[in-house]
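Student: make a model of this:
(chains A, B, C and D)
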Protein chains: 2
Amino acid sequence: MAKRLTTKEKILNAAEALFAEQGFEQTSLRQITAGAEVNLASVNYHFGSKKALIQAVMARYLEIFMPALERELMALQQQQQITTLAVFDCFREPLRELSAVRKHGPTLFLSLLGFAYAEIQGHLRRYTMDNFGEVMQRLMAVLHTANPQLSPVDMFWRLHFVLGATVFAQVSGPALREIAAADFGERVRADQIVDKLIPFLAGGMNAS
Amino acid sequence: MAKRLTTKEKILNAAEALFAEQGFEQTSLRQITAGAEVNLASVNYHFGSKKALIQAVMARYLEIFMPALERELMALQQQQQITTLAVFDCFREPLRELSAVRKHGPTLFLSLLGFAYAEIQGHLRRYTMDNFGEVMQRLMAVLHTANPQLSPVDMFWRLHFVLGATVFAQVSGPALREIAAADFGERVRADQIVDKLIPFLAGGMNAS
DNA sequence: TTTAGATTAAAACACATGTTTTAAATGGAC
DNA sequence: GTCCATTTAAAACATGTGTTTTAATCTAAA
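Tutor: Below is the predicted model:
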């Protein structure tokens, strides 16, 4: 099968790979068009601007991930007992489903999300909040159920610490995996970082 | 008193303020020299390059912070019982001492460190490891004493999660403080973020 | 086949960056 | 006061960026 890719798709694929590796600002349109083997101007023709391209790259994943996450959270809300760990586990399946859009979708998506928050703080945060505010609210609500002893403002802070650890783990992921392999002889697959991360996050969230 | 500042100092002061606010790459030499009320070329005259200026800005703090941290860690190693929380508390006093070099030294330093890791990953990590490798090793050793049940490689990962949460908290600090004030009516001073952070980090480190 | 619109190609544009160069000014040492 | 090295000033330089323009090409309907 393997139907020939359109220019637009070629750009999206090349862009997301470079973005996930180097970040958004560090990646130039010339790198992208070279990787995609298309003309430089076609980016602005098809997407209008670099910023719009970035959003298009993110949208491909967010449109799948966010509804899936909401689904998981709603299912969890039906449960009697809700633990912090269970809340974070809600992220596993939605991440897994991103494999459908692309081979290494889960890893790519997390890296992109990491750079998005690290670099253009306002830009994407607003985009995310605007389009998926309900999911975020539901996440906060579920976390509050799991941790009723935590004041809303304290949970707000901890949730962002969680975000920070996640983001950083993904962005630095490749380098850290290399060091871990060299110094400890442990080869960790990219998607296994999440397994190490989630207990840590839950522990931090539960801290007194 | 207030002796007149030399050009070199004016550049350093203006640079660190802008770096801490916007990051390194986002800050241009023209912004810096304008803020310092100094000629553009003087940066390259006094420091050689932008990269060297960045290192000079960091060095002013690292040269104070790292020995102080080592001192605290050594003192802790004398203790009988070593908890994870106690390890992280070792960072408090060295941070506080940075007030000597500059008014808001602690906050500035943490922001700078955050951007340093977020942006030019290799560059500063190598610089830090080269010059202060022993302190890092001691930190790892102390943390292992506090958490003997954790394998070295798992601790390696968690330590970097810790770093990520810290870095992110500092870089996004201003924005988050604003949101917290608007949504929860809680005004948090910049230096108080550390108070919220440390329990979270210890909790994550201790997680089973 | 022809033709009109969509797409691609190539070049140029406008701008911002770090750096270098060249000249002027400054400030102690003699 | 003179002179020389240090420092500052102003301009130019080289390069990389996102974007726009203009022309060529392709594609699909008439």
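Student: quick one: contacts of the strand or helix carrying A:Thr33?
Tutor: According to DSSP states H and E, A:Thr33 maps onto helix A:29-36. Helix A:29-36 is touched from outside by A:7, A:10-11, A:13-15, A:17-18, A:39-40, A:42-43, A:50, A:53, with contacts defined as C-beta atoms under 8 Å, 6 or more residues apart in numbering or on different chains. Glycine gets a C-beta too; all of them are placed from N, C-alpha and C.
Student: give the contact list for the closest residue to A:Ala118 other than its chain neighbours.
Tutor: Closest residue to A:Ala118 apart from its sequence neighbours, by C-beta to C-beta, 6 or more residues apart in numbering or on different chains: B:Ala118 at 4.9 Å. By C-beta under 8 Å, 6+ apart, the contact set of B:Ala118 is A:118, A:168, A:171, B:23, B:167, B:171.
Student: same thing with A:Pro106?
Tutor: By C-beta under 8 Å, 6+ apart, the neighbours of A:Pro106 are A:95-96, A:98-99, A:191.
Student: inside helices: which ones of those residues?
Tutor: A:95-96 (DSSP state H).
Student: quick one, which of the contacts of A:Pro106 are buried?
Tutor: A:95, A:98 (16 or more other C-beta atoms under 10 Å in any protein chain shown).
Student: among the contacts of A:Pro106, which has the minimum pLDDT value?
Tutor: Among those, A:Asp191 has the lowest pLDDT, at 83.
Student: now the element after the longest helix seen in chain A, going C-ward?
Tutor: Looking across chain A with DSSP H, the single longest helix is helix A:50-78. Going down the chain from helix A:50-78, the next helix or strand is helix A:84-89, by DSSP H and E.
Student: follow-up on the earlier one: in PyMOL, select just the buried ones from the contacts of helix A:29-36.
Tutor: The buried subset of these, as determined by 16+ other C-beta under 10 Å, is captured in PyMOL by this line:
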select buried, chain A and resi 7+10+11+13+14+15+17+18+42+43+50+53
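Student: out of the contacts of helix A:29-36, which touch DNA strand C?
Tutor: A:7, A:39-40, A:42 (C-beta under 7 Å from any atom of the strand).
Student: reformat these as TSV; add pLDDT.
Tutor: Shown next, in TSV, are these (pLDDT from 0 to 100):
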residue	pLDDT
A:Thr7	88
A:Asn39	93
A:Leu40	94
A:Ser42	94
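Student: in helices only, show me these.
Tutor: Within those, residues falling in helices by DSSP H are A:7, A:42.
Student: now for the ones next to DNA strand C among the contacts of helix A:29-36: which two are most distant?
Tutor: Greatest spatial distance among these (C-beta to C-beta): A:Thr7 and A:Leu40, at 11.9 Å.
Student: give me the low-pLDDT residue ranges for chain A?
Tutor: A:1-4, A:120-126 (pLDDT under 70).
Student: state the helix or strand in which the residue most central in space within it lies.
Tutor: Centroid-nearest residue in chain A: A:Leu110, 3.0 Å away (criterion: C-alpha atoms, centre = their mean). In this structure, A:Leu110 sits in helix A:105-118 according to DSSP H and E.
Student: tilt between that helix and helix A:50-78?
Tutor: For helix A:105-118 against helix A:50-78, the angle by axes from the mean of the first three to the mean of the last three C-alpha atoms, to 10 degrees is 110 degrees.
Student: by contact count, what packs against the helix or strand following helix A:105-118?
Tutor: Sequence-wise, the next helix or strand downstream of helix A:105-118 (DSSP H and E) is helix A:121-146. The contact analysis (3 or more C-beta pairs under 8 Å, 6 or more residues apart in numbering or on different chains; DSSP states H and E) places helix A:121-146 against helix A:50-78, helix A:84-89, helix A:105-118, helix A:152-171.
Student: how far off helix B:152-171 does helix A:121-146 point, in degrees?
Tutor: Going by the same axes, to 10 degrees, helix A:121-146 makes 120 degrees with helix B:152-171.
Student: quick check: buried residues in helix A:121-146?
Tutor: Buried, per 16+ other C-beta under 10 Å, within helix A:121-146: A:124, A:127-128, A:132, A:135, A:138-139, A:142-143, A:145-146.
Student: out of the residues you listed, who's nearest A:Leu69?
Tutor: Nearest member of those to A:Leu69, counting by C-beta to C-beta, is A:Val135, at 5.8 Å.
Student: and that closest one, what does it touch?
Tutor: Counted by C-beta under 8 Å, 6+ apart, A:Val135 has contacts A:66, A:69-70, A:73.
Student: same thing but at 7 Å, please
Tutor: Going by C-beta atoms under 7 Å, 6 or more residues apart in numbering or on different chains, A:Val135 touches A:66, A:69-70.
Student: how near is it to A:Arg71?
Tutor: 10 Å (C-beta to C-beta, to the nearest Å).
Student: what do you get for A:Gly48?
Tutor: Going from A:Gly48 to A:Arg71 by C-beta to C-beta gives 32 Å.
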